[in-house]
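**Q** Here is a sequence together with a model predicted from it:
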Amino acid sequence: MTGSPAAARGRLVRRRLLEAAVALVPELGWSAVSTRILAERAGVTPSVVHYHFPSLQALLIEAVLGAMREVALAFEPALESVETPSDAVDALLASVGGYSGTDPMSLLFAESYLAATRDDTLRQGIRELLADLRIRLGGWLARHGVADADDTAAVLLAAVDGLLLHRALGPDSGDVSPVVLRRLVD
């Protein structure tokens, strides 16, 4: 059962609002996204935003955490297709290879990290996403004989995050030889 037509319309509107938020945060910056601008982008009236979400901030948080979760989960299939820790490092780097640092998803992450310094709910949500990713990567590394697997996973993920942030600074700013990161798992 799919529910009533009104419920289906409500889910569609909610999805459009979340998609609009994911597009607007990198375009305008977290603090410049207003209810009016978001509603206009989603093709709804501003009152609809507050019908579906308790606040604009709650909507933005749900939207960015959902997008971040999708990026984090995209790494999982790559991890399952490799056999050695060095190959896992290569897969991790390949999974972020398409991000320039100035593309919308990179900017979404950067804006979200900055906003998380001022919002406990967002900070906790990002912390939980990263902890889950560290646990999954750390578990994989442990099963493949890497010493201090959890700490190694934390350093690898932080290094890749940092490299992505540096990419926004210009050509070659966020590039590093995979050999350097492979040393962490050898």
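**A** Noted; the coordinates are in hand.
**Q** where does this protein dip in pLDDT?
**A** 1-2, 171, 173-174 (pLDDT under 70).
**Q** Centre-most residue in it?
**A** Centroid check for the chain by C-alpha atoms, centre = their mean gives residue 68 as the closest residue, at 2.1 Å.
**Q** Okay, and the nearest residue to that residue once chain neighbours are set aside sits in which element?
**A** Nearest non-adjacent residue to residue 68, counting by C-beta to C-beta, 6 or more residues apart in numbering: residue 129, 5.6 Å away. Where you see a C-beta, it was placed from the backbone N, CA and C, and this is true even at glycine. Using DSSP states H and E, residue 129 sits within helix 120-143.
**Q** related to what we said a few turns ago, torsion angles phi and psi at the residue nearest to the centre of the chain?
**A** Main-chain dihedrals, residue 68, degrees, to the nearest 10: phi -60, psi -40.
**Q** State the distance from it to residue 3.
**A** Taking C-beta to C-beta, to the nearest Å as the measure, residue 68 and residue 3 are separated by 28 Å.
**Q** How about residue 119?
**A** Counting by C-beta to C-beta, the gap from residue 119 to residue 3 is 32 Å.
**Q** swap in residue 170?
**A** 50 Å.
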